[in-house]
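*Asks:* got a predicted model here, sequence first, then my questions.
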Amino acid sequence: MSSRPEVPLDELYREVVMDHYRRPRGRQPLSKVDVAAKGFNPLCGDEVEVALELSGETIAQAQVVSRGCAICTASASIMAEILPGKSVTQAETDAEEFRQVMHGKPFPQDRELGDLEALEGVKHFPVRVKCALLPWMTLKDAIAAFRRGERHAQTTTE
Amino acid sequence: MKATAVPTVIRPMRLAERFPILQRTVRGRRLVYLDNAATTQKPQEVLDALHHFYTHTNANVHRGVHTLAEEATAAYEHCRERVAHFLNAPDPRGVVILRNTTEAINLVAQSWGRKLQAGDEVIVSEMEHHSNLVPWIMLAKERGVALKHIPITQDGELDLVSYRKLLSRRTRVVAVTGMSNVLGTIVPVAEVAEEAHKVGAVVVVDGAQLVPHEPVDVRTLGCDFLAFSAHKMYGPTGVGFLVGKPELLEAMEPIFGGGEMIREVHLDRATWNDIPHKFEAGTPNIADAAAFPAALNFIEELTVEAIRAHERDLTAYAWEKLQSLGGLTLHGPADPQRRGALISFVDEHIHPHDLATVLDTYGVAVRAGHHCAQPLMRKLGVVATARASFAAYNSREDVDALIFGLLAARKYFGLA
């Protein structure tokens, strides 16, 4: 009768996720910001700000500040941890692959995605998928702005 | 007319038996449905009425001479008469059958709005649902009309002193909610309307939350237009109403053209049907309108007064329980006599979205988000709230389940 499989709550709030939620990483302001983007989820009011310091096409430093639920905050924190050292093209690929994971694709192997796999369980809670994706969609917009030669972008997940 | 000699006492558990959906489980637990301000569940008789329409009556309305067409038209028009009767409206011609509250407000904004000119003013409040705000923003943009806002007080009530100062001869429309979907505040519509009428403005009331929970008599409510939806009062989705003074509706132009709404059509011109039909272009939502009287029967069987008394008792009980937990901010008036059947709250440490997810695993359905009232959220200084909203079938056991879920969420997040 129930349309949704009964996935336990621990699938959503894994230990690693809760750790990132309680102690979010990557919030320190950068000394130099090359491009920044602000993301907003009008559904729940969550906000994410992404700032990148670039060295050519490589992300040297990232600051990700989120104001939102546990899933959004953890996703932002994990993203901030894994971005430094990646090329912007790789970061875009990561964002797109993670989006696909949220929509049911298996988690990609052999990638440097840090703790991101801990968020895989979010896909079982469809209404929470946007929470996990907001930081990544904001990142994509920041990179798109960078490619256009701009310094700011605004994102809305709908 | 709604006075009953013997006051009804609501027995929520018995009532819940009449709602098939309340018998299902969610995640292995009894469904505790506390999202009634979004939409209520439907009793068996409403479901039967819907089924009956499609199995016995289905035909298009206001045309055709065959039996089904006649019966379908009678069922559809019966809905209009029942709504007029329910609200003590003097004339069923003042009841326009639409899709929902939003459409009803847009109709007034777009049609009555055509009478407005640059420099005219529309007053709304800071606690409006987007449905009673955005149509006026659109009008302001189109016609150069100025939009003024009634502030709210610390307690979440309308600041009537400021309201009086906003009124002037330029005020053409005052549009307010009858009951806030976030704060629960019951707005003194009669007082607001009296002041507005002194300056010659028309008064539009968003009754989406008011009509299901408070006795409403349009003759004493004082507004010129009242908008509300069937689905928030045990009826089907897809049917809403604009109840307006017939003389005002007559002075309005239709905003949709097509079948039903015309009297005579030539290749290059047309004349309009009488009210209310001139506002009902195209085939309406006949089946859902035909089923709505069953919901009104359900409400009248219990009486609105008894529903209100039950919901106030429940809201007061929930308020006290939530308050005693500590660590929660409860929004809106604390006095249960001044608020409707809902409570918005924010936990100090748990985001409303996380809270709603945990509650769901306990079978408890609450709303989490901005409740389509972003300006109000900004004013309250929050991004989102959790909201528990009640209906006649909710019991103290449902409130207890909410509290249990809340405590479990705190435990889960390592806060208790």
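*Replies:* Thanks, I have it.

*Asks:* so which bits of chain A are right by chain B?
*Replies:* Contacts of chain A with chain B, taken as Cβ under 8 Å from any Cβ of the partner chain, map to A:1-2, A:6, A:8-9, A:12-13, A:18, A:22, A:42-47, A:67-71, A:125, A:128, A:131. Glycine gets a C-beta too; all of them are placed from N, C-alpha and C.

*Asks:* buried subset of those?
*Replies:* Neighbour counting by 16 or more other Cβ atoms under 10 Å in any protein chain shown classes A:9, A:12-13, A:18, A:43-47, A:68-71, A:125, A:128, A:131 among the residues of chain A next to chain B as buried.

*Asks:* before we move on, back to that, which of the residues of chain A next to chain B fall in helices?
*Replies:* Judged by DSSP state H, the residues of chain A next to chain B include A:Leu9, A:Leu12, A:Met18, A:Arg22, A:Ala70, A:Ile71, A:Cys131 as members of helices.

*Asks:* quick check: closest non-adjacent residue to the residue in chain B that chain A sits nearest to.
*Replies:* Chain A sits closest to B:Val383 of chain B, with a gap of 3.1 Å, by Cβ to the nearest Cβ. Using Cβ to Cβ, 6 or more residues apart in numbering or on different chains and skipping the chain neighbours, the partner closest in space to B:Val383 is A:Gly45 (3.1 Å).

*Asks:* can you give me the strands for chain A?
*Replies:* A:35-41, A:46-55, A:58-67, A:152-156 (DSSP state E).

*Asks:* next, format these as a markdown table and append mean pLDDT and distance to B:Arg18.
*Replies:* Shown next, in a markdown table, are these (pLDDT from 0 to 100; distance: least, Cβ to Cβ, whole Å):
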| stretch | mean pLDDT | distance to B:Arg18 |
| --- | --- | --- |
| strand A:35-41 | 93 | 38 |
| strand A:46-55 | 95 | 39 |
| strand A:58-67 | 96 | 43 |
| strand A:152-156 | 78 | 42 |
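
*Asks:* ok, which of the ones you listed comes nearest A:Gly104?
*Replies:* Of all the strands of chain A, strand A:35-41 sits nearest to A:Gly104, with 20.7 Å by Cβ to Cβ.

*Asks:* the closest one pairs with which strands?
*Replies:* Strand A:35-41 pairs in its sheet with strand A:46-55 (antiparallel), strand A:152-156 (parallel), by DSSP bridges.

*Asks:* deepest of those strands, which one?
*Replies:* Of these, the one with the most neighbours on average (mean count of other Cβ atoms under 10 Å in any protein chain shown) is strand A:46-55, at a mean of 21.

*Asks:* show me the shaky parts of the stretch 151-300 of chain B.
*Replies:* Along the stretch 151-300 of chain B, no part satisfies pLDDT under 70.

*Asks:* going along the chain, name the strands of it.
*Replies:* B:171-177, B:202-206, B:225-229, B:240-244, B:262-265, B:270-272 (DSSP state E, counting those that start in this stretch).

*Asks:* mean neighbour count added to the ones you listed, as TSV?
*Replies:* Shown next, in TSV, are these (neighbours: other Cβ atoms under 10 Å in any protein chain shown):
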stretch	mean neighbour count
strand B:171-177	25
strand B:202-206	27
strand B:225-229	27
strand B:240-244	28
strand B:262-265	12
strand B:270-272	13
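
*Asks:* how's chain B carved up into domains?
*Replies:* Listed by automatic domain parsing, the domain ranges of chain B are B:12-39+B:303-412, B:47-300.

*Asks:* redo these as JSON lines? Include distance to A:Gly85.
*Replies:* Shown next, in JSON lines, are those (distance: least, Cβ to Cβ, whole Å):
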{"stretch": "domain B:12-39+B:303-412", "distance to A:Gly85": "31"}
{"stretch": "domain B:47-300", "distance to A:Gly85": "43"}
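
*Asks:* nearest to A:Gly104, of the ones you listed?
*Replies:* Here domain B:12-39+B:303-412 is closest among the domains of chain B (Cβ to Cβ), at 19.3 Å.

*Asks:* off-centre distance for that closest one?
*Replies:* Averaged C-alpha coordinates place domain B:12-39+B:303-412 at 17 Å from its chain's average position (Cα atoms, centre = their mean, to the nearest Å).

*Asks:* quick check, pLDDT for B:Ala416.
*Replies:* If you check B:Ala416, the pLDDT there is 63.

*Asks:* and the pLDDT at residue 34?
*Replies:* This is for chain A. pLDDT, A:Asp34: 96.

*Asks:* hmm, no, I was thinking of chain B.
*Replies:* On the pLDDT scale, B:Leu34 is placed at 98.

*Asks:* likewise A:Arg4?
*Replies:* At A:Arg4, pLDDT is 52.

*Asks:* please apply the same query to B:Pro7.
*Replies:* At B:Pro7, the model reports a pLDDT of 63.

*Asks:* tell me the residues on chain B that lie near chain A, please.
*Replies:* Residues of chain B lying near chain A (Cβ under 8 Å from any Cβ): B:24-28, B:351-354, B:357-358, B:361, B:368-370, B:374, B:377, B:382-384, B:412-414.

*Asks:* narrow the residues you listed to those in helices?
*Replies:* Using DSSP H, the subset of the residues of chain B next to chain A located in helices is B:Pro352, B:His353, B:Asp354, B:Thr357, B:Val358, B:Thr361, B:Gln374, B:Met377, B:Tyr412.

*Asks:* filter the residues you listed down to just the buried residues.
*Replies:* Applying 16+ other Cβ under 10 Å to those flags B:Pro352, B:His353, B:Asp354, B:Thr357, B:Val358, B:Thr361, B:Met377, B:Tyr412 as buried.

*Asks:* for the nearest residue to A:Gln61 once chain neighbours are set aside, give me its contacts.
*Replies:* Excluding its sequence neighbours, the residue lying closest to A:Gln61 (Cβ to Cβ, 6+ apart) is A:Glu53, at 4.1 Å. Counting by Cβ atoms under 8 Å, 6 or more residues apart in numbering or on different chains, A:Glu53 makes contact with A:Leu30, A:Ser31, A:Lys32, A:Val33, A:Asp34, A:Ile59, A:Ala60, A:Gln61, A:Ala62.

*Asks:* B:Arg410 versus the first one, what's the distance?
*Replies:* Shown here: A:Leu30 relative to B:Arg410, a distance of 35 Å by Cβ to Cβ, to the nearest Å.

*Asks:* neighbour-wise, which of the two wins?
*Replies:* Set A:Leu30 next to B:Arg410 and count neighbours by other Cβ atoms under 10 Å in any protein chain shown: B:Arg410 wins out with 19 against 15.

*Asks:* my read: the more buried one touches B:Ile350, true?
*Replies:* Yes - counting by Cβ atoms under 8 Å, B:Ile350 is a contact partner of B:Arg410 at 7.0 Å.

*Asks:* need the phi and psi values for the residue nearest to B:Lys379 when sequence neighbours are not counted.
*Replies:* Using Cβ to Cβ, 6+ apart and skipping the chain neighbours, the partner closest in space to B:Lys379 is B:Glu126 (5.7 Å). Backbone torsions for B:Glu126, taken as degrees, to the nearest 10, come to phi -70, psi -10.

*Asks:* surely B:Glu126 and B:Pro375 touch.
*Replies:* Yes - assessed by Cβ under 8 Å, B:Glu126 is found in contact with B:Pro375 at 6.1 Å.

*Asks:* more neighbours: which of the two?
*Replies:* Higher neighbour count among B:Glu126 and B:Pro375: B:Glu126, with 19 against 16, using other Cβ under 10 Å.

*Asks:* center of chain B - which residue?
*Replies:* The centroid of chain B falls nearest to B:Ala208 when counting by Cα atoms, centre = their mean (1.0 Å).

*Asks:* count of residues packed around the closest residue in space to B:Glu280 that isn't next to it in sequence?
*Replies:* Excluding its sequence neighbours, the residue lying closest to B:Glu280 (Cβ to Cβ, 6+ apart) is B:Glu260, at 5.4 Å. For B:Glu260, the neighbour count with other Cβ under 10 Å is 18.
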